[in-house]
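> The sequence and its predicted three-dimensional model are supplied below.
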Amino acid sequence: MTKTIGEKIRNFMVAILVGLLVVAFAVWGVNDVFTARAGDSIVTIGDSDITSQEFTEAFERQLQTQNRDNGTSITNAEAYKSGLHNQVLQELVTNEIIEIDANDLGVGVNRRTARNVVKEIANFQNDLTGEFSEEKMDSLLAQNRITRNQFEKDIYNTLRRQQTIPAIIGGISVPEIYSTQLYRYVTEQRKISFITLTHDDIIDAKSPTEAELKSFIDEFSYAYTAPEYRKITLLRLEPFDIIPDMKVSEDEILAAFQYKIDLGELGAPEKRTVIQITALDESSAKKAADMLSSGQDPNSVANTLGLIQPEIYTNVVKDQILDPITAEESFKMKETESKSILGSLGNWYAINVSSISPAESPNYELQKEALRQTLLTEKAQEEIYDITGTIEDLMTDGLTLEEISDAINWPLSYYNYIDRSGSDQTGIKMNGLEAIPGIASDESILEEIFIADLGFETDLFETRNGGYASVRVDEIIDSQRMPYEEVKYPATQAWKQSQKNTLLNSLATKIVKDINGGLTLKEVVLNLKNKSITEQIIIRGQPPQNLGNSVVVDIFDSNKGAVVQGDASTKNTKQIAILEEVLSSEEFPTGEILKIIQDRSSQEISNDVQNAYQQAILKDKTLSEYPEKVKVVLGIAEE
């Protein structure tokens with residue numbers, strides 16, 4: 001399973017997890033579909049769902065792993081900006097889809113099989129005997145904050161999926177001859193000569209007659225039709241409305257600061273490398289501690305005294321040490337110090353602190369303002385939540401927006417005719433300000449406005465800024481053709497532009513005909529003003545930016561001497577190209593290049609197969625995502 005609990009302990013799980021799920025599943029993404037069903041779900045897939053708790057746990061595990069591996073202290077907000085939430089969602093969706101299929105197929109796993117797989121994990125085996133060590137497994141799980149139940153469930157689900165995925169993509173590998181031909185195909189080169197035509201190369205288009213213009217307007221009526229406009233009354237409660245009245249004390253900010261430190265979101269806690277040798281009794285524990293103090297190797301100490309191999313907690317925080325007394329004592333000791341202790345379960349231990357990494361304290365002043373804004377937003381949202389309860393009660397009693405506004409002492413907003421984009425009849429968009437976004441920047445409000453029935457207040461709905469709103473449509477101006485005199489000038493300019501493009505196409509067609517009739521490109525440009533010929537070698541796998549896509553495609557589909565024309569890469573331009581020479585690649589890929597091509601080709605085929613697999617599973621199941629809930633559960637304030 002990709003980046004599940006098994007991935008968190010990938011250093012010792014690689015033997016069974018690598019290859020179970022193909023990385024390409026991430027290309028499926030998370031569809032941006034919205035439905036009315038949500039509840040506590042972050043994503044729904046048919047009747048299955050991914051709850052906010054499942055997402056939060058997966059996100060936190062991934063973030064903790066990332067911070068630990070990279071030595072960073074990235075916050076939820078920073079991880080969100082980097083797209084970590086999307087990665088986690090993709091993995092959860094992938095796992096859920098495969099789980100659905102495994103259920104449909106009735107795939108099961110024998111518990112004995114799962115147990116045998118666990119026993120084969122090298123890091124769970126005793127270093128001396130090579131046999132499975134339950135104590136070592138418990139220790140490693142504890143270091144990674146994973147319960148045995150979580151681990152067993154993860155192994156069981158992984159093995160179920162293993163029976164599904166390999167059956168679909170197993171054995172996909174392209175032959176060497178295919179990779180060789182593909183390499184020669186994409187590295188094929190062609191030498192061309194071409195010219196670029198613009199509106200400067202044609203005579204200016206005449207003005208249209210009134211009849212021509214009216215016919216043109218009729219043909220492109222969609223461009224000269226005013227949109228539907230709606231006059232609305234809006235009750236809108238947003239955090240940015242309330243924040244100015246909110247207060248946050250210094251103690252609250254300090255508490256939030258410390259809380260984030262405790263969570264590992266800020267700074268870095270003290271870490272230690274602790275050696276723990278389980279002894280038979282107090283006497284052997286003291287002997288082991290003395291030997292560790294003298295600098296002897298921990299494994300040698302255990303062998304000499306006939307004890308089991310030591311547990312070594314490398315660069316861990318206190319609560320990653322399985323035995324709480326060992327944890328407490330080892331974090332009181334000095335570096336290189338050793339001692340014997342009686343553990344929480346009655347076992348005697350010799351412990352040694354081999355290294356200490358001091359805690360890194362974050363700068364409070366640098367974090368203070370961001371924490372203050374977060375706390376203010378949270379308080380504002382709590383206040384809004386309380387107010388919405390009152391509003392819903394008043395709506396149930398049948399009060400109008402005006403009456404509700406008076407009852408809660410909250411002003412209404414009035415908009416005299418806006419279109420679906422949030423613009424008024426003069427074209428001004430209601431974007432608002434950065435600190436106070438207007439309705440044009442909130443798709444949820446615009447959507448409600450244009451699905452609401454005339455004269456009826458909508459139920460409260462959530463806005464993109466974490467607030468709530470209700471809207472009433474008071475008047476509707478239907479979409480209609482704009483007056484002729486109003487559109488005459490822009491329509492005339494559009495007609496001229498269309499005529500110029502027609503003339504440009506005619507010129508390009510004539511030039512191609514002349515060249516095919518025997519003229520050279522040099523002879524053609526003599527009749528054009530300040531026109532030059534460009535010679536260029538192009539590569540199939542690296543199309544140049546100065547040529548239009550259709551020109552490049554036609555060149556590589558043609559034989560030597562062919563003349564092609566098409567749109568250039570810039571607007572209102574045409575290009576005419578002659579294929580002068582085909583430069584076939586005589587190179588054969590070898591070594592690493594050949595392997596990369598084979599792997600990539602195999603992966604692309606695998607992607608296609610997996611995509612078809614996904615679509616088949618989702619054929620009768622709607623995949624829906626609720627991105628705003630992701631922000632809520634992660635505590636991400638809207639920017």
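Nice, I can see it.
> Where does pLDDT dip in this protein?
1-40, 107-112, 127, 142-145, 147-150, 161-172, 585-587, 589, 637-639 (pLDDT under 70).
> Try it again at 50.
Flagging of the chain using pLDDT under 50 yields the residue ranges 1-38, 639.
> domains in it, as residue ranges please.
5-171+597-634, 188-211+486-583, 229-246+365-478, 270-357 (automatic domain parsing).
> Give me the contact list for stretch 495-508.
Residues outside stretch 495-508 that contact it (C-beta atoms under 8 Å, 6 or more residues apart in numbering) are 197-199, 201-208, 212-213, 216, 565, 572-574, 576. Backbone N, C-alpha and C define where each C-beta goes, glycine included.
> Out of the domains of the chain, flag the one nearest Ser221.
Closest to Ser221 of the domains of the chain is domain 188-211+486-583 (C-beta to C-beta; 10.0 Å).
> measure that closest one end to end?
Domain 188-211+486-583 has its terminal residues 6 Å apart, counting by C-alpha to C-alpha, to the nearest Å.
> cool, and stretch 443-459?
So stretch 443-459: terminal residues 16 Å apart, C-alpha to C-alpha.
> And Ser215, how close does it get to Leu159?
Counting by C-beta to C-beta, to the nearest Å, the gap from Ser215 to Leu159 is 70 Å.
> quick one, which of the two is more surrounded?
Higher neighbour count among Ser215 and Leu159: Leu159, with 19 against 12, using other C-beta atoms under 10 Å.
> Would you format the domains of the chain as TSV with distance to Gly591 included?
TSV is the format used below for those (distance: least, C-beta to C-beta, whole Å):
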stretch	distance to Gly591
domain 5-171+597-634	11
domain 188-211+486-583	19
domain 229-246+365-478	50
domain 270-357	37
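> of these, which approaches Ile177 most closely?
Nearest of these (C-beta to C-beta): domain 5-171+597-634, 10.6 Å.
> Now the buried members of the contacts of stretch 495-508.
With neighbours counted using 16 or more other C-beta atoms under 10 Å, the contacts of stretch 495-508 contain these buried positions: Leu197, Asp201, Ile202, Ala205, Pro208, Leu213, Phe216, Gln565, Thr573, Lys574, Ile576.
> re the thing from before, which of the contacts of stretch 495-508 fall within helices?
Glu212, Leu213, Phe216 (DSSP state H).
> nearest to Ser82, of the residues you listed?
Ranked by distance to Ser82 (C-beta to C-beta), the ones in helices among the contacts of stretch 495-508 are led by Phe216 at 49.9 Å.
> gap between that closest one and Asp567?
22 Å.
> again, but for Asn157
For Asn157 relative to Asp567 (C-beta to C-beta), the value is 52 Å.
> which residues in the stretch 151-300 of the chain form helices?
165-169, 176-186, 210-219, 239-242, 250-263, 282-293, 298-305 (DSSP state H, counting those that start in this stretch).
> Of those helices, which is nearest Pro483?
Short answer: helix 210-219, nearest of the helices of the stretch 151-300 of the chain by C-beta to C-beta, at 11.0 Å.
> list the helices and strands that closest one packs on?
helix 484-516 (3 or more C-beta pairs under 8 Å, 6 or more residues apart in numbering; DSSP states H and E).
> How far off centre is the next helix or strand after the helix it packs on?
Going down the chain from helix 484-516, the next helix or strand is helix 521-525, by DSSP states H and E. From the chain centre to the centre of helix 521-525 is a distance of 52 Å (C-alpha atoms, centre = their mean, to the nearest Å).
> With stretch 243-251 instead?
Centroid separation for stretch 243-251 versus its chain: 33 Å, with C-alpha atoms, centre = their mean.
> quick one on the thing from earlier: closest to Tyr613 out of the helices of the stretch 151-300 of the chain?
The closest of those to Tyr613 is helix 165-169. By C-beta to C-beta, the value is 5.4 Å.
> Now name the helix or strand holding the most centrally placed residue in the chain.
Centroid-nearest residue in the chain, with C-alpha atoms, centre = their mean: Asn86, separated by 3.0 Å. Using DSSP H and E, Asn86 sits within helix 84-105.
> Can you name every helix or strand that that helix contacts?
Using 3+ C-beta pairs under 8 Å, 6+ apart, helix 84-105 sits against strand 41-45, strand 48-51, helix 52-70, helix 148-162, helix 591-617, helix 627-634.
> Could you dump the ones you listed into a markdown table and include distance to Glu378?
Shown next, in a markdown table, are the helices and strands packed on helix 84-105 (distance: least, C-beta to C-beta, whole Å):
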| stretch | distance to Glu378 |
| --- | --- |
| strand 41-45 | 20 |
| strand 48-51 | 22 |
| helix 52-70 | 17 |
| helix 148-162 | 30 |
| helix 591-617 | 38 |
| helix 627-634 | 11 |
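> farthest residue from the center of the chain?
Centroid-distance maximum for the chain: Ser283 at 56.8 Å, with C-alpha atoms, centre = their mean.
> CA-only coordinates of stretch 493-505 in PDB, if you can.
Output in PDB follows, covering the C-alpha atoms of stretch 493-505 (Å, rounded to 0.1, in the frame of the first residue of the first chain):
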ATOM      1  CA  GLN A 493     -14.200  44.900 -36.100                       C
ATOM      2  CA  ALA A 494     -14.800  41.100 -35.600                       C
ATOM      3  CA  TRP A 495     -16.100  40.900 -39.200                       C
ATOM      4  CA  LYS A 496     -12.900  42.600 -40.500                       C
ATOM      5  CA  GLN A 497     -10.800  40.300 -38.500                       C
ATOM      6  CA  SER A 498     -12.700  37.300 -40.000                       C
ATOM      7  CA  GLN A 499     -12.200  38.700 -43.500                       C
ATOM      8  CA  LYS A 500      -8.500  39.200 -43.000                       C
ATOM      9  CA  ASN A 501      -8.200  35.500 -41.800                       C
ATOM     10  CA  THR A 502     -10.100  34.400 -44.900                       C
ATOM     11  CA  LEU A 503      -7.800  36.400 -47.100                       C
ATOM     12  CA  LEU A 504      -4.700  35.000 -45.300                       C
ATOM     13  CA  ASN A 505      -5.900  31.500 -45.800                       C
END
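> how close does Gly467 sit to Glu443?
Distance, Gly467 to Glu443, by C-beta to C-beta: 14 Å.
> More neighbours: those two, which one.
Gly467 (24 against 12).
> Name the nearest of the ones in helices among the contacts of stretch 495-508 relative to Pro358.
Phe216 (76.2 Å).
> Now name the helix or strand holding Glu448.
Assignment of secondary structure by DSSP H and E places Glu448 within helix 443-449.
> what's the helix or strand for Asp406?
Counting by DSSP H and E, Asp406 is part of helix 401-408.
> Buried residues, the helix or strand following that helix. List them.
With elements assigned by DSSP H and E, the helix or strand that comes after helix 401-408 is strand 413-418. Across strand 413-418, burial judged by 16+ other C-beta under 10 Å covers Tyr415, Tyr417, Ile418.
> Any idea how far strand 413-418 is from the middle of the chain?
The chain centre lies 36 Å from the centre of strand 413-418; the measure is C-alpha atoms, centre = their mean.
> can you check stretch 433-448 too?
So, by C-alpha atoms, centre = their mean, the centroid of stretch 433-448 is 23 Å from its chain's centroid.
> quick one: terminal-to-terminal distance for that stretch?
21 Å.
> Give me the contacts around it.
234, 236, 240, 415, 418, 420-423, 429-432, 449, 458, 461-465, 469, 471.
> Pull out the buried members of those.
234, 236, 240, 415, 418, 422-423, 430, 449, 458, 463-465, 469, 471.
> Show me the residues you listed that map onto strands.
Among the buried ones among the contacts of stretch 433-448, DSSP state E puts Leu234, Arg236, Tyr415, Ile418, Ala469, Val471 in strands.
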